[in-house]
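Novice: predicted model follows, preceded by the sequence.
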Amino acid sequence: MPGALHHIIIRGIEKKLIFRDDDDRDHFVQRLGSILLETSTPCFAWALIPNHAHLLLRSGLVPMATVMRRLLTSYAQFFNRRHRRHGQLFQNRYKSILCEEEPYLLELVRYIHLNPLRAHLVKDLDELGSYPYSGHAVLMGKQSREWQDSNYIVALFGGTQKLGRGRYASFIAAGASQGRRPELVGGGLIRSLGGWSALKDLEKDGPRIKGDERILGSGDFVEKVLKQAEETLTQTTRMKREGIGWESLTEKVMSEYGVGSEGLTDGRKDREVVRARSALCYQAVRGLRMTAREVALKLRVTPSAVSKLVSRGQQLVMDGNN
């Protein structure tokens, strides 16, 4: 669900280490940043602990499952190769908690960024402020990570950037004695409520990292999430039932917009060509569950261009194709 806030928790299998030294941590951070930038996935908080990691991300047009699969698969390969080990690195299911932004966003930022202190990786808040493997140092202006949206969080505290950082620091200090907060990592399993479990069954076959998906929010928020999931499921099921694939979808869009196949791939900016390309991208990503990379290869454009076209296509649908 684009725009949704996800608290991701990654744990080592049998509580084993997933970061043995700074080289491991540096590689994970580099890979994380690269994938977040490529997929236009905002990050608000993160922290690396020797046997687990926390991420607070907002989903973009690339599904969170795809982002996590790319991150965890590539890192596990690096870790195993570097440490000459074999087998599974992570628990079978990473935990993905879909969170209601108000009132949980800032509470989650604080909870995640205090993890190194709770884990005794740093001795106090001053040392936490310069700890390089957490987003707290970025929010305090001590580290720079272009893929972390620190300005968004600091702005929530109001005033100038300096004043906002000071208020954020006070907010963090006020929570330092709170300890573990199980209410922020619980939530009801979506799988037990239906909704996304069926969506999972429709994903393409092949190796993938499984996710334990939960919801943290009010009853209205949970209802909204499940309704949107069901709408996506309905569209995907309908297209599969009708036997619609990339070729037939392309023919359908060309007929509706009166454009030829060459117009979809030659980069032309004609109004109807752009509209057709947008509609095709939207229906391929949302209906056929194709990735932005797969669609990009078909249309000879970049994955980021596909993401923008999906947004335009969604607006076309909302406006009734006018």
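Specialist: Received, thanks.
Novice: what about residue 104, neighbour count?
Specialist: Neighbours of residue 104 under the rule other Cβ atoms under 10 Å: 20. Glycine gets a C-beta too; all of them are placed from N, C-alpha and C.
Novice: would you map the helices across the stretch 201-322 of the chain?
Specialist: Using DSSP state H, counting those that start in this stretch, the helices found in the stretch 201-322 of the chain span residues 219-241, 246-257, 261-265, 271-286, 292-299, 303-318.
Novice: worst average pLDDT in those helices?
Specialist: Lowest mean pLDDT of the helices of the stretch 201-322 of the chain: helix 219-241, a mean of 63.
Novice: how would you label residue 95: helix, strand or coil?
Specialist: Under DSSP: H, G, I helix; E, B strand; the rest coil, residue 95 falls in the strand class.
Novice: for it, list each beta-bridge partner.
Specialist: Beta-bridge partners for residue 95, by DSSP bridges, are residue 9, residue 212.
Novice: ok, it touching residue 214?
Specialist: Yes: here residue 95 reaches residue 214: they are 6.9 Å apart, a contact under Cβ atoms under 8 Å.
Novice: okay, the helices of the stretch 201-322 of the chain, which one's buried deepest?
Specialist: Most buried of these by mean neighbour count (mean count of other Cβ atoms under 10 Å) is helix 271-286; its value is a mean of 22.
Novice: save the helices of the stretch 201-322 of the chain as CSV, and put in distance to residue 151 too.
Specialist: Output for those, formatted as CSV (distance: least, Cβ to Cβ, whole Å):
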stretch, distance to residue 151
helix 219-241, 26
helix 246-257, 38
helix 261-265, 37
helix 271-286, 28
helix 292-299, 25
helix 303-318, 21
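Novice: tell me which residues touch residue 86, please.
Specialist: residue 80 (Cβ atoms under 8 Å, 6 or more residues apart in numbering).
Novice: in three-state terms, label it for me.
Specialist: Counting by three-state DSSP, the backbone at residue 86 sits in coil.
Novice: list phi and psi for it.
Specialist: With angles defined as degrees, to the nearest 10, residue 86 sits at phi -130, psi 160.
Novice: can you give me the strands in the stretch 51-200 of the chain?
Specialist: Along the stretch 51-200 of the chain, counting by DSSP state E, counting those that start in this stretch, strands occupy 52-58, 93-99, 188-189.
Novice: among the helices of the stretch 201-322 of the chain, which is nearest residue 60?
Specialist: The closest of those to residue 60 is helix 303-318. By Cβ to Cβ, the value is 6.7 Å.
Novice: format the CA atom coordinates belonging to that closest one as PDB.
Specialist: Provided in PDB are the C-alpha atoms of helix 303-318 (Å, rounded to 0.1, in the frame of the first residue of the first chain):
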ATOM      1  CA  PRO A 303      12.300   1.800 -13.000                       C
ATOM      2  CA  SER A 304      12.000   5.300 -11.500                       C
ATOM      3  CA  ALA A 305      10.300   6.400 -14.700                       C
ATOM      4  CA  VAL A 306       7.800   3.600 -14.300                       C
ATOM      5  CA  SER A 307       7.100   4.700 -10.700                       C
ATOM      6  CA  LYS A 308       6.200   8.100 -11.900                       C
ATOM      7  CA  LEU A 309       4.000   6.700 -14.700                       C
ATOM      8  CA  VAL A 310       2.200   4.500 -12.100                       C
ATOM      9  CA  SER A 311       1.300   7.600 -10.100                       C
ATOM     10  CA  ARG A 312       0.000   9.300 -13.300                       C
ATOM     11  CA  GLY A 313      -1.900   6.200 -14.200                       C
ATOM     12  CA  GLN A 314      -3.500   6.000 -10.800                       C
ATOM     13  CA  GLN A 315      -4.700   9.600 -11.200                       C
ATOM     14  CA  LEU A 316      -6.200   8.700 -14.600                       C
ATOM     15  CA  VAL A 317      -8.200   6.000 -13.000                       C
ATOM     16  CA  MET A 318      -9.300   8.300 -10.100                       C
END
